[in-house]
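[1] have a look; sequence and predicted model below, questions after that.
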Amino acid sequence: MDNRTEQLKEIRDEILRLKESPLYEYRKKNNYYPVIGEGNHYAKIMFIGEAPGENEAKTGRPFCGSAGRVLTELLDSIGLRRMDVYITNIVKDRPPDNRDPLPEEIAIYAPFLERQINIIRPKIIATLGRFSMDYIMRKFLLLLELDSISKIHGKVFKAKAAYGEVFIIPLYHPAVALYRAPMKKVLFEDFSVITDLYNKFN
């Protein structure tokens, strides 16, 4: 087992035991799994969503429901498979009723996400939805560029990670295409921005 896999397993084990989390009891009561992340541990691109939904919590896999099908379609459109990228969320346990994650939930899970980023060392971080956009833009000191997702989706921001240069691309959450059909076209257009950048690293 390589070192990255070992380190990511450590994160998984810590989250399984994370009794301090306000979502821990809810997970246990419903026999849910935490959703740590999935994909290539050497991925050039990492997709970061917000929090798992019910399908994800039942399987332990990120983006495996309806929004996941949209994400797979979007990846196909730029010639990538799920196994080529790494997919995760900021919050690793499902909030009740699929509500938005609370600040204290983001605060307790975000350090695990930061460790995942530094282990996988992606060249591109694509955020999916406004919560992950807000967190990542602030984390990478892009506060001056931070705006509403409707204004900065599909734009590329250069930033500095602990391991070197990284490009941040805020994207709408794939679920938006499920209840606002015209947004699917916007998502496909935004994903095409990834292609040119991704090709630079291959």
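    Received, thanks. Residues are numbered from 1 along each chain as shown.
[2] so Asn40 makes contact with Val85?
    Yes: contact criterion Cβ atoms under 8 Å: Asn40 and Val85 qualify, at 6.4 Å. Bear in mind the C-beta positions are built from the backbone N, C-alpha and C, glycine included.
[3] who's more crowded, these two?
    Val85 (22 against 18; other Cβ atoms under 10 Å).
[4] who are the neighbours in contact with that one?
    Gly39, Asn40, Ala43, Lys44, Ile45, Met46, Phe47, Leu75 (Cβ atoms under 8 Å, 6 or more residues apart in numbering).
[5] cool, and Thr59?
    Tyr33.
[6] give me the phi and psi for it.
    phi -110, psi -20 (degrees, to the nearest 10).
[7] Tyr33 versus that one, what's the distance?
    Between Thr59 and Tyr33 the computed distance is 7 Å (Cβ to Cβ, to the nearest Å).
[8] so what strands line up beside the lengthiest strand in the chain?
    Longest strand of the chain, by residue count under DSSP state E: strand 164-171. Strand 164-171 has its sheet partners listed here by DSSP bridges as strand 124-128 (parallel), strand 157-161 (antiparallel).
[9] the ones you listed: which one's closest to Leu18?
    When the strands paired with strand 164-171 are ranked by proximity to Leu18, the top entry is strand 124-128, at 22.8 Å, counting by Cβ to Cβ.
[10] low-confidence stretches in this protein?
    1, 202 (pLDDT under 70).
[11] so who does the residue nearest the centre of it touch?
    The chain has Ile48 as the residue nearest its centroid, 1.2 Å off, counting by Cα atoms, centre = their mean. Ile48 is in contact with Thr88, Asn89, Ile90, Leu113, Ile125, Ala126, Thr127, Leu128, Ser132, Ile136, counting by Cβ under 8 Å, 6+ apart.
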